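# Please work out how this folds:
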Amino acid sequence: MTAQTGTPGSVTAVYKVSGMSCGHCEGAVSGEISEIPGVSSVKAVASTGEVTVVSAAPLDEEAVRSAIDEAGFELVGTV
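As a prediction, this is how the structure comes out:
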């Protein structure tokens, strides 16, 4: 699900990622996603498998999938 945030011109999306189990996992996923152009913040939570991304515009899901794959995890879908 993609929703507008309180900041004009920004979009928040929450993705479900499988395989994260610790802070290192969160850092790896956050680091890869933060390299996608337009991303302003990323918060990964291993205990829920959710990754919240704030960006200037809606992100291409394949770009997000590729970044998560690069980190060694799997994108399940959006929340």
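# So which residues of this structure form strands?
2-4, 11-18, 39-45, 50-55, 74-78 (DSSP state E).
# Report how many residues lie close to Asp69.
Asp69 is flanked by 12 other residues according to other C-beta atoms under 10 Å. C-beta: built from backbone N, CA, C; applies to glycine.
# give me every residue that touches it.
Neighbouring residues of Asp69 by C-beta atoms under 8 Å, 6 or more residues apart in numbering: Leu75.
# which one of the strands of the chain has the lowest average pLDDT?
Ranked by mean pLDDT, the strands of the chain bottom out at strand 2-4, with a mean of 48.
# Ok, which of the strands of the chain comes nearest Ser66?
Closest to Ser66 of the strands of the chain, according to C-beta to C-beta: strand 74-78, at 9.0 Å.
# outside of that closest one, which residues touch it?
Around strand 74-78, the neighbours that count as contacts under C-beta under 8 Å, 6+ apart are 1-2, 13-19, 49, 61, 64-65, 68-69.
# From those residues, list just the buried residues.
Neighbour counting by 16 or more other C-beta atoms under 10 Å classes 13-15, 17, 49, 64, 68 among these as buried.
# now these as JSON lines including distance to Ser30?
Formatted as JSON lines, those follow (distance: C-beta to C-beta, whole Å):
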{"residue": "Ala13", "distance to Ser30": "14"}
{"residue": "Val14", "distance to Ser30": "14"}
{"residue": "Tyr15", "distance to Ser30": "12"}
{"residue": "Val17", "distance to Ser30": "11"}
{"residue": "Gly49", "distance to Ser30": "13"}
{"residue": "Val64", "distance to Ser30": "12"}
{"residue": "Ile68", "distance to Ser30": "10"}
